[in-house]
Structures are given as structure tokens and as C-alpha cells.
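Asker: make a model of this:
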Amino acid sequence: MLDKTNIQDYTFKSKLPIQIRMTDLDTFNHVNNGVLSAYFDLGRLNYLKQVTGNVNLTTLDLVLVHTEYDFFASVRFQSKIIVETKIVDFGNKSLKMLQRIVDEQDENKCYCTCFSVLSGYDHQHDCSQVIDSHFKELVKAFEQI
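Answerer: Numbers count the residues shown, from 1 in each chain. Model (predicted):
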């Protein structure tokens, strides 16, 4: 499992600025936690596009199987935020991804984090599969690991 005590020590190469919309706000006038989850989805998609050059959602051979969130501060309408994303570990059929939403001006101000597990997915047989080795090589090149 990921050691959450040193998340600030990770280097994130994938960064996606997020435009907050009025419809993202809840009755407490901050961005709803469910909307923050959608921001993390956008960050995942952006990461995959950066790594592979193109993402076809109808043939994407990864599926989200686990998410875990920690919330630290409220994101408000006037907040300027970035979703940062990186893959932190590979298994044979799954990968672990770490994301965080930070302030655009001060990346040390973290609003929330997301730890997720994605599994290789075989669309034809509707089951897990080994993650493509070419994809792993693209990630290693992108992350320079």
C-alpha cells in the first residue's frame, strides 16, 4: 500500500488546470466532493493522453477498480486548482495511480488526494487481463523511471 505520509515528495509530470463552474458548487458554497472525483477522472484521462498520445475510450484496456480519497481543505469557486497525476506502481494486471488537487500558485497547498487502482481489462471477454508491456514502457519513459 502507498505510504501517504510522503505524498509531497512525489514529482508529478502530468498537471491539468481545472476550470471550476458554478454548477460544481454545493449548498455550502464549495466544490462538492463528487465533483472533485470527476476532476480526478479528467486528470486520469489527461495522463493517459500524455503518455500514449491518444486515448480511445471504446478500446481502452484499463478499468478503474478502486478509489480512495483524503480531503484536506475546501475547494471554492475562486480557487485556482491543478490536478496532478502519476502512476506509482505496476503489477501484472493492475497499476496504482496517485493524484492530488493542489493550488495553482502554491503546490504545497493540497486540497485532496486520490489513490486508485486500475486493472487491465479485456473488452471481448469482460475480464481482467495483463497490462500491455508497451504501455508500461511508455509510462516508464514519461515518468523517467
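
Asker: tell me how many other residues surround residue 114.
Answerer: Applying other C-beta atoms under 10 Å, we find 22 residues neighbouring residue 114. Quick note: C-beta positions are derived from backbone N, CA and C, even for glycine.

Asker: output the host helix or strand of residue 47 as CSV, nothing but the C-alphas.
Answerer: Using DSSP states H and E, residue 47 falls within helix 33-52. C-alpha atoms of helix 33-52 as CSV (Å, rounded to 0.1, in the frame of the first residue of the first chain):
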residue,chain,number,x,y,z
ASN,A,33,-16.7,16.0,-3.2
GLY,A,34,-18.4,14.1,-6.0
VAL,A,35,-17.3,16.8,-8.5
LEU,A,36,-13.8,16.5,-7.1
SER,A,37,-14.0,12.8,-8.1
ALA,A,38,-14.9,13.9,-11.7
TYR,A,39,-11.8,16.2,-11.7
PHE,A,40,-9.7,13.2,-10.8
ASP,A,41,-11.3,11.4,-13.8
LEU,A,42,-10.2,14.3,-16.0
GLY,A,43,-6.7,14.0,-14.6
ARG,A,44,-6.6,10.3,-15.3
LEU,A,45,-7.7,10.8,-18.9
ASN,A,46,-5.2,13.6,-19.4
TYR,A,47,-2.4,11.4,-18.0
LEU,A,48,-3.3,8.6,-20.4
LYS,A,49,-3.4,11.1,-23.4
GLN,A,50,0.0,12.5,-22.4
VAL,A,51,1.6,9.0,-22.1
THR,A,52,0.1,7.4,-25.2
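
Asker: what's it packed up against?
Answerer: If you count contacts as 3 or more C-beta pairs under 8 Å, 6 or more residues apart in numbering; DSSP states H and E, helix 33-52 packs onto strand 14-18, strand 62-71, strand 81-90, strand 94-103, strand 110-122, helix 133-143.
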